[in-house]
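[1] Need the 3D shape of this:
(one chain, ligands or ions: 1)
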Amino acid sequence: MEPEIIVYGAYWCPDCRRAKKFLGEQFIPFHWVDIEQDPAAEQLVLQMNNGRRIIPMIVFSDGSFLVEPTNAELARKLNLKTEARQKYYDLLIIGGGPAGLTAAIYAAREGVETLLVERSGLGGQASLTGGIDNFPGFPEGISGQEFSERVTQQARRFGVEMLQAVDIQKICRHDGYQCAMTTEDVHLHGRALLIATGARYRRLGVPGEDDYIGAGIHFCATCDGPFYKGAKHIVVVGGGNSAVEEGLHLSRFAEKVILLVRGDRLTASQILIDKVTEPRSPIHIRYRTAVQAFEGANSRLKAVQVLDVSTGQTDVLSTAAAFIFIGQEPNSLFTQGHLELDDYGYILTGHDLEHKLNGHTGREPFAFETSVPGVFAAGDVRHGSTKQVASAVGEGAAVAIAIRQYLKST
Ligand SMILES: Cc1cc2nc3c(=O)[nH]c(=O)nc-3n(C[C@H](O)[C@H](O)[C@H](O)COP(=O)(O)OP(=O)(O)OC[C@H]3O[C@@H](n4cnc5c(N)ncnc54)[C@H](O)[C@@H]3O)c2cc1C
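    The predicted structure follows:
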């Protein structure tokens, strides 16, 4: 039987959201109790904390409990593997999404001793989605969770050592090895290092957003648009190129697409603006409109609460889905100052570096190799990547082959 975990918290509490997110990412079932809606639960929290109202309080099936735990404390309590068996590996991979896991499978299968480090749950962004419909080989689609579990199992079968809830905050070079430093100051070493830390979609940070991700709130029209074929309304948030392009794409599925733009003009390219503002455009644009909250029922998004920023009037728009396109950020902060990045923080690799061969004395970088020899990058964090599961998997396979060549050459 699954462990029964109860998380006592409140809607407004950021640490409660973090703890829930952490458990969700590990696919660990838990019950959520909002103490503001349940006086008996509030009483219990007070009683167990000597009269102090501290949340989140997480109670485990054996009766033990943690108050305001960090992710690392939660990981230890849940017996997740957070410590490496040894100090040195052939290959150290940061990031357990589709790119990192695929590279790990390819490398370990060929006998390359591989350690993969993941800061949250294995599977990456792909595990967040209710259904992946465009990955070849699954004619009926596959849930993000099942996909992630299958890839993780396959990596285990080939002996990949995997750590979870371990966050890398810096990379370095030490004694001829590439090294990565965790937030708990542990140093991990590899003859080669792969950065497969992906990217994250910028969020609005409004109430309800976290609750309906994958259940009406989406960040990828190519991935999730087809689920809304025949829908009456879809809301798109943003006014740049991605929002307009994705909005036009979504208009193939829904009767009406409403584009919510915070400012009083679009910032997309003129060609897209012309398309979206022409008289027969399938897109209805609401300028000076900010999202205030997402509302739902039965675990699905039902409506978006918006504010007219010039009049201060609020309004509730019923919608089948909301697609948010307010930008994407690569998870590459920890490489800054060590690797060459593009203007947006994506890692430059291979041919991108033709004119920047600082560290590569006397040879071209391998495919997917960064400005530092022996350090590779693949998947969404890489400049020029296409932000899809299938392409991340493809890059994972290709980078593993490039790393094999590198390891042979050293
Ligand atoms: C909600 C949603 C739905 C999607 N649906 C689809 C779909 O249907 N089809 C499709 O093709 N694509 C879809 N995508 C896009 C797809 O999931 C990504 O393109 C793909 O997951 C990228 O893989 P990746 O391995 O490069 O990075 P990620 O999946 O982002 O994995 C990177 C991993 O690195 C970890 N990490 C980051 N920084 C650190 C650090 N410092 N230390 C340790 N670990 C770190 C992260 O926690 C993460 O697990 C979707 C994305 C989202 C968000």
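[2] helix or strand for the residue in the stretch 201-350 of the chain positioned nearest to the ligand, which one?
    Taking Cβ to the nearest ligand atom as the measure, the stretch 201-350 of the chain has Cys223 as its residue closest to the ligand, at 3.0 Å. Bear in mind the C-beta positions are built from the backbone N, C-alpha and C, glycine included. Element membership of Cys223 [criterion: DSSP states H and E] is helix 221-224.
[3] List the buried residues in that helix.
    Residues of helix 221-224 classed as buried: Ala221, Cys223, Asp224 (neighbour count, 16 or more other Cβ atoms under 10 Å).
[4] Now for the residue lying closest to the first one once chain neighbours are set aside, how many residues are close by?
    Put plainly, it is Ala221. Nearest residue to Ala221, sequence neighbours excluded (Cβ to Cβ, 6 or more residues apart in numbering): Glu246, at 3.8 Å. Using other Cβ atoms under 10 Å, Glu246 is surrounded by 23 other residues.
[5] Can you point out the buried residues in the helix or strand harbouring Glu246?
    Taking DSSP H and E as the criterion, Glu246 maps to helix 241-250. Within helix 241-250, the residues that count as buried by 16+ other Cβ under 10 Å are Asn241, Ser242, Ala243, Val244, Glu245, Glu246, Gly247, Leu248, Leu250.
[6] Under the pLDDT cut-off, which ranges of the stretch 251-400 of the chain? List them.
    355-361 (pLDDT under 70).
[7] thinking again about what came up before, want to throw the buried residues of helix 241-250 into CSV with pLDDT and distance to the ligand?
    CSV is the format used below for these (pLDDT from 0 to 100; distance: Cβ to the nearest ligand atom, whole Å):
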residue, pLDDT, distance to the ligand
Asn241, 86, 18
Ser242, 86, 13
Ala243, 93, 16
Val244, 93, 20
Glu245, 88, 16
Glu246, 90, 13
Gly247, 94, 17
Leu248, 92, 19
Leu250, 94, 14
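[8] Need those residues in a markdown table (columns: distance to Ile55).
    Supplementary listing: the buried residues of helix 241-250 in a markdown table, determined by distance: Cβ to Cβ, whole Å:
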| residue | distance to Ile55 |
| --- | --- |
| Asn241 | 41 |
| Ser242 | 37 |
| Ala243 | 36 |
| Val244 | 41 |
| Glu245 | 42 |
| Glu246 | 37 |
| Gly247 | 39 |
| Leu248 | 44 |
| Leu250 | 38 |
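[9] between those residues, which is nearest Gln405?
    Distance to Gln405 across the buried residues of helix 241-250 (Cβ to Cβ) is lowest for Ser242, with 35.4 Å.
[10] What's the separation between Lys408 and the ligand?
    25 Å (Cβ to the nearest ligand atom, to the nearest Å).
[11] Tell me how far the helix or strand hosting that residue lies from the chain's centre.
    Using DSSP H and E, Lys408 sits within helix 389-409. Relative to its chain's centre, helix 389-409 lies at 21 Å (Cα atoms, centre = their mean, to the nearest Å).
[12] Can you tell me what sits against that helix?
    90-91, 97-107, 110, 112, 124, 126, 132, 134-136, 147, 191-192, 194, 196, 198, 366-369, 373-374, 376-380, 382, 385 (Cβ atoms under 8 Å, 6 or more residues apart in numbering).
[13] go on, stretch 326-333?
    Residues contacting stretch 326-333 (Cβ under 8 Å, 6+ apart): 95, 195, 197-204, 237-238, 240, 242-243, 339, 341, 344-347, 380-381, 387.
[14] So how do I select the buried members of these in ChimeraX?
    A single ChimeraX command selects the buried members of those (16+ other Cβ under 10 Å):
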select :95,195,197,198,199,201,204,237,238,240,242,243,339,341,345,346,347,380,381,387
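[15] Among the contacts of stretch 326-333, name the ones in strands.
    Of those, the ones assigned to strands by DSSP state E are Ile195, Ala199, Arg200, Tyr201, Val237.
[16] Reformat these as CSV; add distance to the ligand.
    Listed next are the ones in strands among the contacts of stretch 326-333 as CSV, based on distance: Cβ to the nearest ligand atom, whole Å:
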residue, distance to the ligand
Ile195, 9
Ala199, 6
Arg200, 7
Tyr201, 6
Val237, 14
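[17] Could you tell me which residues within the helix holding Lys408 count as buried?
    Result for helix 389-409 [16+ other Cβ under 10 Å]: buried residues 389, 391-396, 398-404, 406-407.
[18] Repeat that for stretch 71-81.
    Buried-residue list, stretch 71-81, by 16+ other Cβ under 10 Å: Asn71, Ala72, Leu74, Ala75, Leu78, Leu80.
[19] what does the stretch 1-150 of the chain put close to the ligand?
    94-100, 117-120, 124-126, 128-129, 132-134 (Cβ under 6 Å from any ligand atom).
[20] Mark which of these are buried, thanks.
    Of those, these count as buried by 16+ other Cβ under 10 Å: 94-100, 117-120, 124-126, 128-129, 132-133.
[21] Is it correct that Ser371 is in contact with Glu340?
    Yes. If you go by Cβ atoms under 8 Å, Ser371 and Glu340 touch, sitting 3.8 Å apart.
[22] Of these two, which one has the most company?
    Between Ser371 and Glu340, counting by other Cβ under 10 Å, Ser371 is the more crowded of the two (21 against 17).
[23] Tally up the residues packed near Thr386, please.
    That count, for Thr386 with other Cβ under 10 Å as the rule, works out to 13.
[24] where's it relative to Tyr344, distance?
    15 Å (Cβ to Cβ, to the nearest Å).
[25] Point me to the helix or strand that includes Gln145.
    Here Gln145 is assigned to helix 144-157, by DSSP H and E.
[26] name the helices or strands packed onto that helix?
    Contact partners of helix 144-157 among helices and strands, from 3 or more Cβ pairs under 8 Å, 6 or more residues apart in numbering; DSSP states H and E: helix 98-109, strand 161-163.
[27] Direction included, what does the last one pair up with?
    Spelled out, it's strand 161-163. Within its sheet, strand 161-163 is paired with strand 114-117 (parallel), according to DSSP bridges.
[28] Alright, I will stop here.
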